[in-house]
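what's the 3D shape of this:
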Amino acid sequence: MAKDVKARKSAALATPTDLGANATKDLTGGLNILLADVYSLYIKTKNFHWHMSGPHFRDYHLLLDDQATEIDAMTDVIAERVRKLGGGTIRSIGHIKRLQRVLDNDADFVIPLDMLAELRDDNIQLTKHMRSLHEVCDEHNDVATASLIENWIDETEKRTWFLFETGRRTEG
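You can find the predicted model right below:
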């Protein structure tokens, strides 16, 4: 009985796919790193949303809440894509921490324009990383993942644009 339980815990997922083992490894590895980045960006966006202050509080607070919702919507799709490709995905906060490239911000206070600028830069980097992952998809002829990434790039570029315009310092 204990042997059966141990065997089930270590059993391969063996999800059927026409992509080879190298493709599965490359794609699921890249998607898991993307997932860690997206979770990290979500938490940072919510952090800044929760800690927003100042004369533009309402507008910035609502903008970041909308952006966090959009970012959160990516997470399940990314994780399920990993599973469809035959891989395992993130299992814990520690796993996210080991993979993430989006840096945390644990500061007690960040001024609103610095929040917007930091999130803008994080979104720019996320776009750059997704473009690199798209190249891996092209290499392995994974059009489904590439298609998802194309939509996420568009969404991320929109977030970048909104953060840039909202945080723009104008003469006046």
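
got any ranges where this structure has weak pLDDT?
1-13, 171-172 (pLDDT under 70).

I'd guessed Ile90 sits against Tyr39; true?
Yes. With contact defined as C-beta atoms under 8 Å, Ile90 counts as touching Tyr39 (7.5 Å). Every C-beta, even on glycine, is put in place using the N, C-alpha and C of the backbone.

With neighbour numbers in mind, choose between these two.
Neighbour comparison, Ile90 and Tyr39: the larger count goes to Tyr39, with 24 against 20 (by other C-beta atoms under 10 Å).

how close does Tyr87 sit to Asp65?
Not Tyr; residue 87 is Gly. Remark: distance between Gly87 and Asp65 (C-beta to C-beta, to the nearest Å) = 32 Å.

what about these two, which has more around it?
Regarding Gly87 and Asp65, a neighbour count based on other C-beta under 10 Å identifies Gly87 as having more, with 19 against 15.

The more buried one in helix, strand or coil?
Applying DSSP: H, G, I helix; E, B strand; the rest coil to Gly87 yields a three-state assignment of coil.

for it, what are its contacts?
For Gly87, the contacting residues are Leu13, Thr15, Thr24, Lys25, Leu27, Thr28, Gly29, Leu31, Asn32, by C-beta atoms under 8 Å, 6 or more residues apart in numbering.
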